[in-house]
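J.: Generate a structure from the sequence data that follows.
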Amino acid sequence: MADAAYGLWPLVVLNTILFVVFAASFFHPKSKRDWRAMGAYSAFLVALFTEMYGTPLTVYLLGSWLGSQFPLLKDTHAGGHLWNDLTNWQGDPHLSPFHLASYVAIGTGFWLIATAWKHLYEAAQHDELATTGPYARVRHPQYDGFLLIMIGFLLQWPTIPTLIMFPVLVYIYARLARSEEREVAARFGDQWTAYADRTPAFWPKLRRRPPQAHEAPGNRRPHQPAARR
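T.: Next up, the predicted model:
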């Protein structure tokens, strides 16, 4: 191996465990659905850190194909920042726009998971539907948080396996969200219907629709698109 930054399998294990435990400490998985969400996220991290510190399979594959046009595609640790190489970024890869954007996405993702859990827990304590904080903007902010973290890592260190896995994980989270919504709809009935009608599932609206008379804050209970807790 040309670069000592690879073949560091203890770092693969350490980083994977660190990010999994960090996310779990905010997400607090309990149900089978929660553990499936965590499992999908964990599989993404294993694939990511295996190439980041273990074996740079993507660099090897692309290096032979694009090496003559992109000489930075080599089996060095800096060569793993593929977006920088493909755009001919000449500076420190850790200070590139892609890397800085990845920090924002990852940090926002963890913040969203943690903040959503707080409002979800408070609603669950009162057996209510969660409608405050991030849940006022989207119905599934914790899943959004996981996806933002993955997008951040794709901006920082894209690999062929993780680029293939990402749309699959989006589909998995969408199915988990629909499964969760069926349970919550059965539990909260019209209250859930009104909430789902005004609140998008994953992508927040730029402009929020003013609440109707029957939806005034004084006439409705706080919400929670997760009866799973």
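J.: Show the pLDDT at His94.
T.: Predicted confidence (pLDDT) at His94: the value is 80.
J.: so Pro200 makes contact with Val138?
T.: Yes. If you go by Cβ atoms under 8 Å, Pro200 and Val138 touch, sitting 5.8 Å apart. All C-beta atoms are positioned from the backbone trio N, CA, C, and that covers glycine.
J.: These two: who's more crowded?
T.: Neighbours of Pro200 and Val138, each counted by other Cβ atoms under 10 Å, are more numerous for Val138; the result is 20 against 12.
J.: how close does that one sit to Pro56?
T.: Noted for Val138: a distance of 36 Å to Pro56, by Cβ to Cβ, to the nearest Å.
J.: May I have stretch 190-210 as CSV, with CA atoms only?
T.: Extracted C-alpha coordinates of stretch 190-210, given in CSV (Å, rounded to 0.1, in the frame of the first residue of the first chain):
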residue,chain,number,x,y,z
ASP,A,190,-58.3,12.9,12.6
GLN,A,191,-55.6,14.7,14.6
TRP,A,192,-53.0,12.8,12.6
THR,A,193,-54.9,13.5,9.3
ALA,A,194,-54.9,17.2,10.0
TYR,A,195,-51.3,17.3,10.9
ALA,A,196,-50.2,15.2,7.9
ASP,A,197,-52.2,17.5,5.6
ARG,A,198,-50.3,20.6,6.7
THR,A,199,-46.9,19.1,7.3
PRO,A,200,-44.7,17.5,4.6
ALA,A,201,-43.0,14.1,5.3
PHE,A,202,-39.3,14.9,4.7
TRP,A,203,-38.9,18.2,2.8
PRO,A,204,-40.0,21.3,4.6
LYS,A,205,-42.2,23.9,2.9
LEU,A,206,-40.6,27.2,2.2
ARG,A,207,-43.8,28.9,3.4
ARG,A,208,-45.9,27.5,6.1
ARG,A,209,-49.7,27.5,5.6
PRO,A,210,-51.5,29.4,8.4
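J.: roughly how far is that stretch from the heart of the chain?
T.: The gap between where stretch 190-210 is centred and where its chain is centred comes out at 21 Å by Cα atoms, centre = their mean, to the nearest Å.
J.: shaky segments in this protein?
T.: Per-residue confidence of the chain (counting by pLDDT under 70) places the weak regions at 1-4, 63-80, 207-229.
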